[in-house]
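S.K.: fold the following, please.
(2 chains)
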There are 2 protein chains.
Amino acid sequence: MDIALAEARAAADRGEVPVGAVITNAEGRVIARAGNRVVETKDPTGHAEMLVIRAAARILKNERLGDCDLYVTLEPCPMCAQAISFARLRRLYFGAEDKKGGAVENGPRLFDQPTCHHRPDVYGGIGEAEASRLLKDFFARRR
Amino acid sequence: MDIALAEARAAADRGEVPVGAVITNAEGRVIARAGNRVVETKDPTGHAEMLVIRAAARILKNERLGDCDLYVTLEPCPMCAQAISFARLRRLYFGAEDKKGGAVENGPRLFDQPTCHHRPDVYGGIGEAEASRLLKDFFARRR
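M.R.: Presented below is the predicted three-dimensional model:
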């Protein structure tokens, strides 16, 4: 999660919402890391989780990442939560809860939907204080 | 929708689930077109809608596509529905309903969630017969 937080800080420095993500393999080795790049790349799907999933799948040459775990500093939105399910990721560790945009423990709670085919093991609140602080600072500076 | 159906047929020919999508601008001109490329590109996020949204945003150099409409042959899943919302697409026309994986009129009905910030105007059942036939033929051949 420290690497994900570093990616979140780097995203903030680029003017992006500070969210970072990392994918590790079964041995705990980092496969890919990414921060938000929505503004820079003009890509509405450019969330950290999407970028890191696409990168890891490309690197491992497999659209299924069943042995891998994802660390992300913020609770994933519906787009990213569904991508996590499609990628068959084993575990999801997330930092801050997102009451407005989250889709894991908030909103549509996608992994609890009867139509969800794969649900990762979910561990929330990992590195939450720092993840929240980065987001609060970012939005306070923008106001 | 005819172009989206052609993209769906081309996807089937590549061994992909036959779903195709098109984005048009306010004048009805085609900005981007795409079919599923999950298997070919080893990208779990490689749904037709995601590819066409990313392509249109890249072409228009804007992550918001507020004047644009999206045509897709199948009801979008949660990932794609949320991407449609993020991209601020004006209208969504879809073909076949997807009772198992859809997230617009089925499952989590994302656009009706209180946490959804942008809901496109939705028109379902456009070109439904042909879109359904393509999917049924594809899955029948795989069995």
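S.K.: residue A:88 contacts residue A:118, correct?
M.R.: Yes. Taking contacts as CB atoms under 8 Å, residue A:88 lies within contact range of residue A:118: 5.1 Å. Any C-beta I mention is one placed from the backbone N, CA and C, and that applies to glycine too.
S.K.: anything in stretch A:39-59 near chain B?
M.R.: Yes. Stretch A:39-59 lies in contact with chain B when judged by CB under 8 Å from any CB of the partner chain; the contacting residues are A:39, A:41-46, A:50, A:53-54, A:57-58.
S.K.: then the helix ranked longest in chain A to CSV, C-alphas only?
M.R.: Taking DSSP state H as the assignment, the helix of chain A that covers the most residues is helix A:128-142. C-alpha atoms of helix A:128-142 as CSV (Å, rounded to 0.1, in the frame of the first residue of the first chain):
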residue,chain,number,x,y,z
GLU,A,128,-6.8,4.8,5.3
ALA,A,129,-5.5,7.9,7.2
GLU,A,130,-2.9,8.8,4.6
ALA,A,131,-5.1,8.0,1.7
SER,A,132,-7.9,10.2,3.1
ARG,A,133,-5.5,13.0,3.9
LEU,A,134,-4.1,13.1,0.4
LEU,A,135,-7.7,13.4,-1.0
LYS,A,136,-8.8,16.0,1.5
ASP,A,137,-5.7,18.1,0.8
PHE,A,138,-6.2,17.9,-2.9
PHE,A,139,-9.8,19.0,-2.9
ALA,A,140,-9.1,21.7,-0.3
ARG,A,141,-6.4,23.2,-2.6
ARG,A,142,-8.8,23.2,-5.5
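S.K.: what's it packed up against?
M.R.: Under the contact criterion of 3 or more CB pairs under 8 Å, 6 or more residues apart in numbering or on different chains; DSSP states H and E, the helices and strands touching helix A:128-142 comprise helix A:2-13, strand A:69-74, strand A:91-96.
S.K.: contacts for it next, please.
M.R.: Taking contacts as CB atoms under 8 Å, 6 or more residues apart in numbering or on different chains, the residues outside helix A:128-142 that touch it are A:5, A:8-9, A:12, A:17-19, A:73-74, A:95-97.
S.K.: and which of the residues you listed is nearest residue A:30?
M.R.: Relative to residue A:30, the closest of those is residue A:5; by CB to CB it sits at 13.5 Å.
S.K.: my read: that closest one touches residue A:127, true?
M.R.: Yes. A contact is recorded between residue A:5 and residue A:127 when judged using CB under 8 Å, the distance being 5.8 Å.
S.K.: so how far is residue A:97 from the closest residue to residue A:114 other than its chain neighbours?
M.R.: Taking CB to CB, 6 or more residues apart in numbering or on different chains, and ignoring the residues beside it in sequence, residue A:114 has residue B:107 as its nearest neighbour in space, at 7.9 Å. Applying CB to CB, to the nearest Å, one obtains 23 Å for the distance of residue B:107 from residue A:97.
S.K.: with neighbour numbers in mind, choose between the two.
M.R.: Here residue B:107 and residue A:97 are set side by side on neighbour count (other CB atoms under 10 Å in any protein chain shown), and the busier one is residue B:107, at 22 against 17.
S.K.: let me see the confidence value for the residue nearest to residue A:114.
M.R.: As summarised for this prediction, residue B:107 has a pLDDT of 95.
S.K.: isn't residue A:50 up against residue A:81?
M.R.: No. Between residue A:50 and residue A:81 no contact is recorded; they are 11.0 Å apart, counting by CB under 8 Å.
S.K.: how about the residues of chain A near chain B?
M.R.: Where proximity means CB under 8 Å from any CB, the interface of chain A facing chain B comprises A:38-39, A:41-46, A:50, A:53-54, A:57-58, A:60-65, A:77-83, A:86-88, A:100-101, A:103, A:106-108, A:110, A:113-115.
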